[in-house]
Structures are given as structure tokens and as C-alpha cells.
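Engineer: here is a sequence with its predicted model. Questions after.
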Amino acid sequence: MFNEKDLQQITSHGLTVEQVEQQIENFKQGFPFLNVVRAAAAGDGVCVLDEEVIRHAEACYDAAAEHLGIVKFVPASGAATRMFKELFEFVNDGKRGKGIDVLLDNIQKFAFWPELERFVTPDSAEEEIVEAIVKTGLCYGSKPKGLVTFHSYPDGSRKAVEEHLVEGAQYARSGDNVRIHFTVSPEHMGGFWDVLGASQPHYEEAYGVKYDVSFSVQKPSTDTVAVNPDNTPFRTDDGGLLFRPAGHGALIENLNDIDADIIFVKNIDNVTTDARRGDTVKYKKALAGMLLELQAKTFGYLRSLESGEADLDATRNFIEKELCVKLPAECDAEMMKAVLNRPIRVCGVVRNQGEPGGGPFWVAAEDGTESLQIAESSQISPDDMHLMKSATHFNPVDLVCGVKNYKGEKFDLTQYTDPATGFISSKSSGGRELRAQELPGLWNGAMAKWNTVLVEVPITTFSPVKVVQDLLRPEHQ
């Protein structure tokens, strides 16, 4: 199947022939659907906190934060292709959707207007204005979302990456130190450094902090080979194999490289303005406080099991009621220990308002347990699709992660994934159809064997920018 040139390509990606053969086998066999039991709901997998509990959890986190290693982890490598898709269709093909009217009618309301004004005026031709956004002027069509100007303030504007600096100072600081890690594409690294070099000193002075910003790129060893519709290896014009980045699930490797006690995970485009950030800060601290309390209890039960002094009924009750893992009837101390000794994530979920994306479900595993998972529609069989439609909550990617065990050692996060939960999609290259494979999603299969606790958070904590017109919403004005 592979020639000498192929073998060199495979090796240069840090992959083995066996791994690539397994990827091709995945295309042929497909990935199995999840064994979904039911959608998680308030009182059945989703915790709804009252104000007293929130205040207690916040206080718990605030009291501990100074002595913790805290990192804010922001996936930021994706290009803003979808954000400007309609603009490209207008410029390239003359296709005019309603979004173009909204954009042009409100062009001066966008925070990037002062920058755009260097290239056009409000009276410029419509095509010229749109082209100056995505191509000739701002070049946003070839930039990641982190480098797009999102918000206006009296003292200037902020790009998405800057809003994460501000957020970090408000809930992810340990003493005066704020550690933020961005995953970026290699070609955009310089752009991020340019923005941070110009703005970081300002935010350090404004918030009395010192930032420790780091970057990583998606590892080539997580790339997957593309195939033709008949599942044979896709060949480029020069006869080589085509490897593609395998989605955000590949970032479990990047997350695994971070040494911290607590890691906050939030997407680059989910930020709001200073005036509306109160709930975000409040609930991020509350989720972190809940994580710390869950960890402390979990570690206590693990030590009791190790010493042989555990009350198995009490341990089982904690696992089922607080860690949300339903155990099989026949469950001994060793199984309880294995369930307890895992990474923990506390995930904020919002009420479902029709946004595209995954939701929380109870899922049965082969070992007889049931646990909470974030599932995408592609992971659910057509027979179970009614469960997806009945879901009351949505995953906004709002995670707080505990990645160390009860001995203070870092978990190897790559050991807690479910490789059978990948995705296969139809793409194209050079006008030719191909099939692409994504690894289990970062908050889906890549964290399938974590202990997961879900907490309802208000919709005010979720303000993603999926298309450019979203920047006209109140949470971005």
C-alpha cells in the first residue's frame, strides 16, 4: 500500500505504518455510536446551584488559588473560515445572503471599523468594503479568530486574544501570576506575539498581574491520513499522501504537556465585554471551587481504600451521587479505586437554545458503568436521535480540569481517551472529494474516561462568535 516516499512521510509526521493502517481501517469500519442511555437533565446529572452554594464554592477557590498552579487553556488554532464564509461567497461568487445586508447596514458598529476605515469609507462600493474585511485590508479571512478585533472600549479596541488576558486576570490568577496557554497554528504564532507584545504590558499594569503566556501547536503525530471515497489513500498532485490535522481532539496531547493543579478550558471566541463579564467570573470560580472540594473527597476515599479501611457503601454512594458514575451491582473495592483514580472535570452547561453542537448524556460503558459524556449528534445513532432532540442542555465548552492524582502526580491524559469515538467527514482538496478523520473531540472522546460533573451555568456566560454578524449582539457591543 505504501511506497518508500510514503514511509518517509509517515515517519516525518512521527507516525508509524501501523498507526496509519489503523486510521485507514477506521475509515472502512467506521466508528461505533455511543451507547446513549438518556439525556442528562437538571436533577439527573446536571447540578443546579443556589446562591449559597455558589458563594461557598467561590470562597473555597479564592482561599486556595494563591497556592495552586493554575492555567487558562485556550484552543485558538482554527482559522476564522466559518466566521467569514458568507463574506467570501459574496466576494468570490457574487452570492448575497441576508448576512451581507446586516453587515453593511451596521458596518460602523463593528469594533474593527476604525481599522477598516484605513482602507475604505462608508460610501465605498459594497464589494470593496467586504473584500477589505476578508482579503485586501484587514485580511481577516486568513487569520484566526484570536486576531480579530471583537470589542470597542473608550480607550481603544480589543482582539479576542486580549479579552482572554483580561479574563485570566479576573479568575485564573495565583497570587500576582496569570498563566495562559494558547494552542495556535505555526503560521499565526508571530501575529499572536505581535498583539501580545503591544498589549500585555497595559493589562499587567491595569490588573496588577504578571502574565506568563505560552503557546503550542498541534503535534504532527496527531495528524490523520486522508482517503478517497473508496477508502484508498488520497494522493496529492505530486503522488504523496495527504495528512490533515485531526481536529481539536488532538489537543489532548497539548493539554497533557501542561503541569498545573487546575486548568480552565475555554474557546477563543467565547468572550464578552467588561460590563457583561460578571457571571463568567462568578461561575468560573464556583466551578473551580466545586472541583477542589470533589478532589479532596475523592482523594480521601482513595486513601481509605488503599489502607483497607474504606466504608464501601459510603464510597459507592459518593461515586454515584457526587461523581455521577453509576456502578454495576457487582462492584468491589478495586473497581471503586479504578473509578476514583481518574482526572476530574467540572463542566458548565447552558440551557439548550438551539445552538449547534454537543450536549450532555448518560452513556453506558462496556465495564457496566454509566457516566456523563458530552456527545455530538454524529456520535448518536439514528435510532437514538430522539434523545438528542430531547436534550435540555448544551455544551458551551466551559471546563475546569483537575489533572493530578491523590499523590500529587500528573495523570497521563492520553490513557483516559476512548479511541473509538472519532469522526469521519467529507472534505475536498484541489476540487477532489476526500474523506477526513478526526480524533475523539477534546471534550468528547478525548476525555471519555474522566470523571465528569455537570453544572448549569447561565446563558450570559456563553457568547460565542460563530459568524461575523454575531459581533453585533449586545454581549459584544
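Structural biologist: Structure's in. What do you need?
Engineer: where exactly do the strands run in the stretch 251-400 of the chain?
Structural biologist: For the stretch 251-400 of the chain, applying DSSP state E, counting those that start in this stretch gives strands covering 262-266, 325-326, 344-351, 359-364, 370-375, 393-394, 398-402.
Engineer: any chance of CSV for these, columns mean pLDDT, mean neighbour count and distance to residue 103?
Structural biologist: In this view, the C-beta of every residue, glycine as well, is placed from N, C-alpha and C. CSV is the format used below for these (pLDDT from 0 to 100; neighbours: other CB atoms under 10 Å; distance: least, CB to CB, whole Å):
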stretch, mean pLDDT, mean neighbour count, distance to residue 103
strand 262-266, 97, 23, 27
strand 325-326, 97, 18, 47
strand 344-351, 96, 22, 27
strand 359-364, 93, 22, 30
strand 370-375, 94, 25, 32
strand 393-394, 92, 22, 26
strand 398-402, 97, 25, 29
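Engineer: looking at those strands, which is closest to residue 108?
Structural biologist: Proximity to residue 108 (CB to CB) singles out strand 262-266 among the strands of the stretch 251-400 of the chain, at 29.7 Å.
Engineer: list the buried ones in the lengthiest helix in the chain?
Structural biologist: Counting by DSSP state H, the longest helix found in the chain is helix 278-307. Neighbour-count burial for helix 278-307, with 16 or more other CB atoms under 10 Å as criterion, is recorded at 280-295, 298-299, 301-302, 304-305.
Engineer: got the angle between that helix and strand 398-402?
Structural biologist: Inter-element angle recorded for helix 278-307 and strand 398-402: 30 degrees (by axes from the mean of the first three to the mean of the last three CA atoms, to 10 degrees).
Engineer: angle of helix 278-307 against strand 262-266?
Structural biologist: Between helix 278-307 and strand 262-266, the angle comes out at 140 degrees (the same axes, to 10 degrees).
Engineer: what is helix 278-307 packed up against?
Structural biologist: Applying 3 or more CB pairs under 8 Å, 6 or more residues apart in numbering; DSSP states H and E, one finds that helix 278-307 contacts helix 51-65, helix 160-171, strand 262-266, helix 312-321, helix 333-340, strand 344-351, strand 398-402, strand 451-456.
Engineer: show the end-to-end separation of stretch 352-365, please.
Structural biologist: Using CA to CA, to the nearest Å, the end-to-end distance of stretch 352-365 comes out at 26 Å.
Engineer: residues in contact with it?
Structural biologist: 34-40, 44-46, 326, 347, 349, 370-377, 380, 387-388, 391-395, 441, 443-444, 454, 459, 462, 464 (CB atoms under 8 Å, 6 or more residues apart in numbering).
Engineer: try 6 Å
Structural biologist: Applying CB atoms under 6 Å, 6 or more residues apart in numbering, the contact partners of stretch 352-365 are 34-40, 349, 370, 372-376, 391-395, 454.
Engineer: next one: stretch 327-337
Structural biologist: 305, 315, 368-369.
Engineer: wait, residue 281 touches residue 173, no?
Structural biologist: No. Applying CB atoms under 6 Å, one finds residue 281 not in contact with residue 173, separated by 11.2 Å.
Engineer: how about residue 448: what's its closest non-neighbour residue?
Structural biologist: residue 418 (3.6 Å; CB to CB, 6 or more residues apart in numbering).
Engineer: for the one you found, phi and psi?
Structural biologist: The phi/psi pair for residue 418 (degrees, to the nearest 10) reads phi -120, psi 100.
Engineer: so where's the chain uncertain?
Structural biologist: Along the chain, the model assigns pLDDT under 70 to residues 354-357.
Engineer: how about stretch 13-33: buried residues?
Structural biologist: So for stretch 13-33, counting by 16+ other CB under 10 Å, buried means 13, 15, 20, 23-24, 26-27, 31.
Engineer: with stretch 107-120 instead?
Structural biologist: For stretch 107-120, the neighbour count (16+ other CB under 10 Å) marks 107, 110-113, 115-116, 120 as buried.
Engineer: now do that stretch: everything it contacts.
Structural biologist: 128-129, 132, 137, 149-152, 157, 471.
Engineer: also stretch 450-466?
Structural biologist: 40, 45-48, 269-270, 272, 279-280, 283, 323-324, 342-350, 360, 372, 396, 416, 475.
Engineer: can you check stretch 260-267 too?
Structural biologist: Contacts of stretch 260-267 with the rest of the structure, by CB under 6 Å, 6+ apart, involve 68-73, 75, 172, 288, 397, 399-401.
Engineer: next one: stretch 160-168
Structural biologist: So stretch 160-168 is contacted by 72, 74, 145-146, 150, 178, 180, 195, 199, 203, 268, 271 (CB under 6 Å, 6+ apart).
Engineer: centre of the chain to that stretch, how far?
Structural biologist: 16 Å (CA atoms, centre = their mean, to the nearest Å).
Engineer: likewise stretch 308-327?
Structural biologist: Distance, stretch centre to chain centre, for stretch 308-327: 30 Å (CA atoms, centre = their mean).
Engineer: compute the first-to-last residue distance for that stretch.
Structural biologist: End to end - CA to CA - stretch 308-327 spans 20 Å.
Engineer: in it, what counts as buried?
Structural biologist: Counting neighbours by 16+ other CB under 10 Å, one finds that the buried residues in stretch 308-327 are 310, 315-316, 318-320, 322-327.
Engineer: neighbours around residue 48, how many?
Structural biologist: 10 (other CB atoms under 10 Å).
Engineer: for residue 452, see how far away it is.
Structural biologist: 16 Å (CB to CB, to the nearest Å).
Engineer: kindly report the same for residue 274.
Structural biologist: 31 Å.
Engineer: how about residue 103?
Structural biologist: Relative to residue 452, residue 103 is positioned 39 Å away (CB to CB).
Engineer: do residue 373 as well
Structural biologist: Using CB to CB, which is the criterion applied here, residue 373 is 7 Å from residue 452.
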